[in-house]
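> My questions are about this predicted structure, shown below with the sequence.
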Amino acid sequence: MDVRQFRHFAAVAETLHFGRAAERLRMTQPPLSQSIMALEKELGAALFVRTKRNVRLTPLGEQWLPQVQEALAALDALPAAARRMRDGQSGYLALSFVSTADYSVLPSLVRRYSQAYPEVEIRLFEATSDVQLPALVEGERHAGIIIPPTDQPLPAALAYRRLLREPLVAAVPSAWIDEGRIASDAVLSADELLASPLILFPKHVAPNFHDLVTGHYRALGGDAHIAQEAIQMQTIISLVSSGLGVALVPASLRNLARTGVTYVPLAGTAPELETGLAWRKGEISPTLANFLKLTEQG
């Protein structure tokens, strides 16, 4: 069987007339009749009942026609579908992201991209930067929103674009302010920070963020007293709410409102966290190309 035979069958089935079907197909009637007979022979069953006065479908022909029509419609749609994929109008975008991006750049990027390319499926994967980088190098994701390493360059296979640079603020238990343990919700002094137990990502999970926070403590002349480690930002904020300690978090985390937690600016010059987009060089899918254009627009 070939596609031409399917088209021949559909034309005769829809017109129930070999002559009109031949006209639609822009062919003569004898080759059309031969094609239908060859198809029936291959199927081992008749598709049409032919008389001198009319043509009608057999029960097999009636049941098979919708499937053939569906298959032909899908086949006819393939060129347009390929053009949409070529232009990044359809397909999918595999995007990984660090948890902090969920409260800063990610929601806006996803919303804008979805509005511009509604037929593209966005596949989101939350992961720390150390997990994302090898996955990006291996081509397992199109792009990743990461916290770039500060102690070493990115893998040579990856390109990078900065998306955001923001100061850290202190997430403190609101009860501590009420009790006077922290003097004000306007600013957290260096002495108050150094005296407070700290909740932080483990170094092996988020080394860049860990170094940024502990480096700030050293810059203040002290050491961080880590009371608890957690690998999810939401968990860290929950632990702050319970009164276990304070956490230094990106300023955009103010978007994560939590009862019992107050976000307080740091005294002096606060450390800044950079968030950016990484992707594999030279292997840019059409959906990724459009996503990169969107990130250029700010």
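Alright, I've got the coordinates. Numbers count the residues shown, from 1 in each chain.
> Can you show me the helices along the stretch 1-150 of the chain?
For the stretch 1-150 of the chain, helices defined by DSSP state H, counting those that start in this stretch occupy the ranges 3-15, 18-25, 29-43, 59-86, 105-116, 129-137.
> Between those, which one is closest to Gln297.
Gln297 lies closest, by Cβ to Cβ, to one member of the helices of the stretch 1-150 of the chain: helix 105-116, at 8.3 Å. Every C-beta, even on glycine, is put in place using the N, C-alpha and C of the backbone.
> Grab the longest strand from the chain for me.
Across the chain, the longest stretch assigned as strand under DSSP state E is strand 158-173.
> Now it: average pLDDT?
Strand 158-173 shows a mean pLDDT of 97.
> thinking again about what came up before, just send the helices of the stretch 1-150 of the chain back as CSV, with distance to Asn290 too.
Listed next are the helices of the stretch 1-150 of the chain as CSV, based on distance: least, Cβ to Cβ, whole Å:
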stretch, distance to Asn290
helix 3-15, 33
helix 18-25, 40
helix 29-43, 44
helix 59-86, 12
helix 105-116, 7
helix 129-137, 18
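> Just list what the very next helix or strand once past the longest strand of the chain packs against, helices and strands only.
Scanning forward in sequence from strand 158-173 by DSSP states H and E, the next helix or strand is helix 174-179. Under the contact criterion of 3 or more Cβ pairs under 8 Å, 6 or more residues apart in numbering; DSSP states H and E, helix 174-179 touches strand 261-264.
> sorry, back to before: turn the helices of the stretch 1-150 of the chain into CSV, including mean neighbour count.
Output for the helices of the stretch 1-150 of the chain, formatted as CSV (neighbours: other Cβ atoms under 10 Å):
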stretch, mean neighbour count
helix 3-15, 18
helix 18-25, 17
helix 29-43, 15
helix 59-86, 13
helix 105-116, 15
helix 129-137, 18
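> closest one to Thr269 among the ones you listed?
helix 105-116 (23.1 Å).
> what helices or strands is the closest one leaning on?
The contact analysis (3+ Cβ pairs under 8 Å, 6+ apart) places helix 105-116 against strand 120-126, helix 286-296.
> Right, I'll leave it there.
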